[in-house]
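> need a 3D model of the following:
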Amino acid sequence: MDALHLEALLRDLPGALYRVRADAVRTAEFVSPGIEALTGFPAAAFLAGDLHWGELVHPDDAARVRAEVDAAVRLATHYVIEYRVRTAAGAERWVSDHGTGHPAAGAAGTLEGFVTDVTARHQAEQALARSESRFRDFALASGDWFWETDPEGRFTWFSDAVRRARGTEPASLIGLRRIDLAGAGADPAAEPWRSHLETLARREPFRDFRYRVPGPGPEIWVSSSGQPYHAPDGRFLGYRGSGRNITPEIEAQERANARLRDAIENLDEAVALTDAEDRILLANRRFRAMNGETVPVTPGRRYEDYIREVIATGAYPDAVGRTEAWMAARLARRIAGGTAQVQRADGRWLRITDQRLPDGGTITFSLDITEIKRAEEALRTANAGLERRVSERGEQLEASHRELDAFTYAVSHDLRAPLRAVSGFANILREEGAARLTADDLRCLARIDENASRMGELIDALLAVGRLSRQQTVPVRLNMTELARDTVAKLRPAYPAALVEVKDLPPAQADPELARQVLAILLGNALKFSRDATPPAVTVHAEAGAYAVSDNGVGFDMAWVARLFTPFSQLHAGDERGGPGVGLAIAKLIVERHGGRIEARSAPGQGATFRFTLGPEAAD
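Numbering: from 1, shown residues only. Model prediction:
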């Protein structure tokens, strides 16, 4: 090999060859070019004596390295040392130094060797050490233990934590299988072992498999989780996993279950619990008392078989001859949940509710609703009686209305005939005896005619009140502004001098004819009692959530306001403007028929304001 090939080979080596004297600073006699890649310093710096290898060794490692190489020189032996060196960039690297010491008589001797960079390996080893330390700390803190099995499921290794958790030496468990730990009580053909062994046979992961383990001390409960692991070539090597002592958790759960069982046992409601295969797991005191009178309730028995036997005793008359239909309805409730009401042969009524549970089981509630059924029957009877009495009362009321109509017609006819006679004879006397009658005689005849006319008006008003009390209301949406303007237009010819203003009014839900009648009464009164004002003024407007009619007429004393709405009552007795005294009474009756109210505000000589509503939507 020529010099060029040798130089190229030395340059490409993953490290550096060296020959140095075994003095204090390791003076270089030969260094290969690879030293620059390792340290960042060129080989020439070492060969010129500007830099010595011993100056790059980490101070913490220098004494150890010096001792080992001095011994190698003295004994002419081989050495392998790993230590840290400083690079030109100021970084720290780990190197592996393989060399041989050569002693020299009367001199320092020499060292020949090869140094390589092992920083990456050291970092990986340190990371692994930290990971293992962290794993150990977590394992100690968690209280769990770890295990490993061979392909046949025999334990090959346990962590030391199993000693603390179980009080068992790990070595004593090696070679056993998990089912061996459970002792003679573990049945591989029964749950949960059957499903667990099937999972292992399929080489699938498992989690939180729970089983009991007899020990040298008290029995404990264990939760185990495992993961299959394989060789690089894919061969199944066994399982690795963890175990945990869950005895306190199981005991707490059993205490909670005991409290729950006690609570269910003492409920007033009958309760039965079945599993996913419809076997009875629990039936409380009330359930046993309610159903156990005919057929004893036996845990482990299928609920369907139990119900069939109960039906066969005749305990539920409605089910006789319909057993399959009953079973189908119960199956539907068991799948989807639901409620049914059934009556027992002893007359008691039960409300039965089936509720499906997440594990596929069913909880059944049976509540005695006999008193509720009796109350419902009593209520139906009372309602039927009430409806009958209402119907009878309605018929009586209708008959009374018919009698009242006949009576008012007769009264009207019987009273009007004498009035017409009186008025007629007065007119005959005035026309035929005018030459013989004095002025006083004529005044008396006029008074007779006037009172006969007033009596006729009173009869008409009486009939109007009677008709209104029996009239049905037909509410519709009304434009009260248009209705008021239309009413004013019909009254204006009698009062041409009056100034009447209708402002915008909110709509109302009312009977059109009856609402028009209220406006006609209030506007008529306002125009009548303000006609002597200069000028007469009437306003229809909305005020304080109500409709209002205001005037500038004679007004009245509020001390007499209660008499305003009393039939045939007049505040201005003898006033030619007065009528029969029923207008405001009729207006009040119409307003109240609509669920509204009417009121008045006035003072003598200062006009009056009447406000009314027509139900809750009268004036928003």
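> just the strands in the stretch 1-150 of the chain please.
16-21, 28-31, 78-86, 92-102, 110-117, 145-149 (DSSP state E, counting those that start in this stretch).
> redo the ones you listed as JSON lines? Include distance to T534.
Just so you know, the C-beta spots here come from the backbone N, C-alpha and C atoms, and that holds for glycine as well. JSON lines is the format used below for the strands of the stretch 1-150 of the chain (distance: least, Cβ to Cβ, whole Å):
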{"stretch": "strand 16-21", "distance to T534": "132"}
{"stretch": "strand 28-31", "distance to T534": "136"}
{"stretch": "strand 78-86", "distance to T534": "123"}
{"stretch": "strand 92-102", "distance to T534": "119"}
{"stretch": "strand 110-117", "distance to T534": "125"}
{"stretch": "strand 145-149", "distance to T534": "114"}
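> would JSON lines of these with mean neighbour count be doable?
Converted to JSON lines, the strands of the stretch 1-150 of the chain look like this (neighbours: other Cβ atoms under 10 Å):
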{"stretch": "strand 16-21", "mean neighbour count": "20"}
{"stretch": "strand 28-31", "mean neighbour count": "18"}
{"stretch": "strand 78-86", "mean neighbour count": "16"}
{"stretch": "strand 92-102", "mean neighbour count": "18"}
{"stretch": "strand 110-117", "mean neighbour count": "19"}
{"stretch": "strand 145-149", "mean neighbour count": "20"}
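> okay, those strands in TSV with mean pLDDT next?
Below are those laid out as TSV (pLDDT from 0 to 100):
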stretch	mean pLDDT
strand 16-21	92
strand 28-31	92
strand 78-86	95
strand 92-102	95
strand 110-117	94
strand 145-149	94
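> which of the ones you listed sits closest to V295?
Nearest of the strands of the stretch 1-150 of the chain to V295, taken as Cβ to Cβ: strand 145-149 at 50.3 Å.
> quick one: residues in contact with stretch 196-213.
Stretch 196-213 has contacts (Cβ atoms under 8 Å, 6 or more residues apart in numbering) with 153, 166, 178-179, 181-183, 185-186, 188, 192-193, 219-228, 236, 239, 246, 250.
> buried among the residues you listed? Make that a ChimeraX selection.
Applying 16 or more other Cβ atoms under 10 Å to the contacts of stretch 196-213 leaves a buried subset, and the ChimeraX line that selects it is:
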select :153,166,178,179,181,182,186,193,220,221,222,223,224,226,228,239,246,250
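> let's see which of the contacts of stretch 196-213 end up in strands.
Of the contacts of stretch 196-213, the ones assigned to strands by DSSP state E are 220-228, 236, 239.
> mind listing what's buried in stretch 64-79?
Within stretch 64-79, the residues that count as buried by 16+ other Cβ under 10 Å are 65, 68-69, 72-73, 79.
> return the member of the residues you listed nearest to A28.
Nearest member of the buried residues of stretch 64-79 to A28, counting by Cβ to Cβ, is V69, at 14.1 Å.
> how about the closest one, what does it touch?
22, 79, 81, 99, 101, 111.
> wait, the fourth one touches F114, no?
Yep, that's G99 we're talking about. Yes: G99 is within contact range of F114, at 7.1 Å (criterion: Cβ atoms under 8 Å).
> what is in contact with those two at once?
With contacts defined as Cβ under 8 Å, 6+ apart, the residues adjacent to both G99 and F114 are Y18.
> surely E55 meets V25?
Yes: applying Cβ under 8 Å as the test, E55 and V25 come out as touching, 6.5 Å apart.
> which two among the contacts of V69 are spaced furthest apart?
Checking these with Cβ to Cβ, the most distant pair is A22 and I81, at 13.8 Å.
> where in the chain is the helix or strand with the lowest mean pLDDT?
Lowest on mean pLDDT, DSSP states H and E among the helices and strands of the chain sits helix 3-12, with a mean of 54.
> what pLDDT is listed against G607?
Predicted confidence (pLDDT) at G607: the value is 92.
> cool, and the one 5 residues further on?
On pLDDT, F612 comes in at 95.
> ditto for L197
pLDDT, L197: 95.
> quick check, it in a strand?
No: the assignment for L197 by DSSP: H, G, I helix; E, B strand; the rest coil gives helix, which leaves it out of any strand.
> distance of it from A559?
Distance of L197 to A559, computed by Cβ to Cβ, to the nearest Å: 104 Å.
> more crowded one of the two?
L197 (16 against 7; other Cβ atoms under 10 Å).
> from S225, how far off is the more buried one?
L197 is 16 Å from S225, by Cβ to Cβ.
> again with A186
Per Cβ to Cβ, A186 is found 18 Å from S225.
> cool, G185 as well?
From G185 to S225 the distance is 22 Å (Cβ to Cβ).
> do the same with G234
Note on G234: its distance to S225, by Cβ to Cβ, is 23 Å.
> same question for L331.
Counting by Cβ to Cβ, the gap from L331 to S225 is 38 Å.
> repeat for Y18
55 Å.
> cool, and E68?
49 Å.
> what about the stretch 501-620 of the chain, any weak spots by pLDDT?
Low-confidence segments of the stretch 501-620 of the chain, defined by pLDDT under 70, span residues 568-581, 616-620.
> scratch that, the stretch 251-400 of the chain is what I was asking about
291-294, 397, 399-400.
> let me see the ranges of the strands in it.
Under DSSP E, counting those that start in this stretch, the stretch 251-400 of the chain gives strands at 270-274, 280-283, 338-343, 349-356, 362-368.
> would you list these in CSV and tack on distance to R531 and mean neighbour count?
Formatted as CSV, these follow (distance: least, Cβ to Cβ, whole Å; neighbours: other Cβ atoms under 10 Å):
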stretch, distance to R531, mean neighbour count
strand 270-274, 85, 22
strand 280-283, 92, 18
strand 338-343, 75, 14
strand 349-356, 76, 17
strand 362-368, 77, 18
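> among those strands, which is nearest G385?
Per Cβ to Cβ, nearest to G385 of the strands of the stretch 251-400 of the chain: strand 349-356, 23.1 Å.
> other SSEs contacting the closest one?
helix 323-336, strand 338-343, strand 362-368, helix 370-432 (3 or more Cβ pairs under 8 Å, 6 or more residues apart in numbering; DSSP states H and E).
> and it, which strands flank it?
strand 338-343 (antiparallel), strand 362-368 (antiparallel) (DSSP bridges).
> contacts for it, please.
270, 290, 330, 333-344, 362-370, 372-373.
> please repeat the previous calculation with a cut-off of 7 Å.
With contact meaning Cβ atoms under 7 Å, 6 or more residues apart in numbering, strand 349-356 is reached by 333-335, 337-344, 362-370, 373.
> ok, stretch 169-181 next?
With Cβ under 7 Å, 6+ apart as the test, stretch 169-181 has contacts from 153-156, 158, 160, 162-163, 186, 188, 193, 213, 224.
> can you rerun that using 8 Å?
149, 152-160, 162-163, 186, 188, 193, 196-197, 211, 213, 222, 224.
> first-to-last residue distance for that stretch?
The separation between the terminal residues of stretch 169-181, taken as Cα to Cα, to the nearest Å, is 13 Å.
> show me what counts as buried in it.
170, 173, 178-179, 181.
> export those residues to TSV and tack on distance to F46 and pLDDT?
Output for the buried residues of stretch 169-181, formatted as TSV (distance: Cβ to Cβ, whole Å; pLDDT from 0 to 100):
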residue	distance to F46	pLDDT
P170	55	89
L173	60	91
R178	64	93
I179	69	92
L181	65	89
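> need the max-distance pair from those residues.
P170 and I179 (18.6 Å).
> TSV for the helices and strands packed on strand 349-356, including distance to T298?
Converted to TSV, these look like this (distance: least, Cβ to Cβ, whole Å):
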stretch	distance to T298
helix 323-336	18
strand 338-343	22
strand 362-368	16
helix 370-432	27
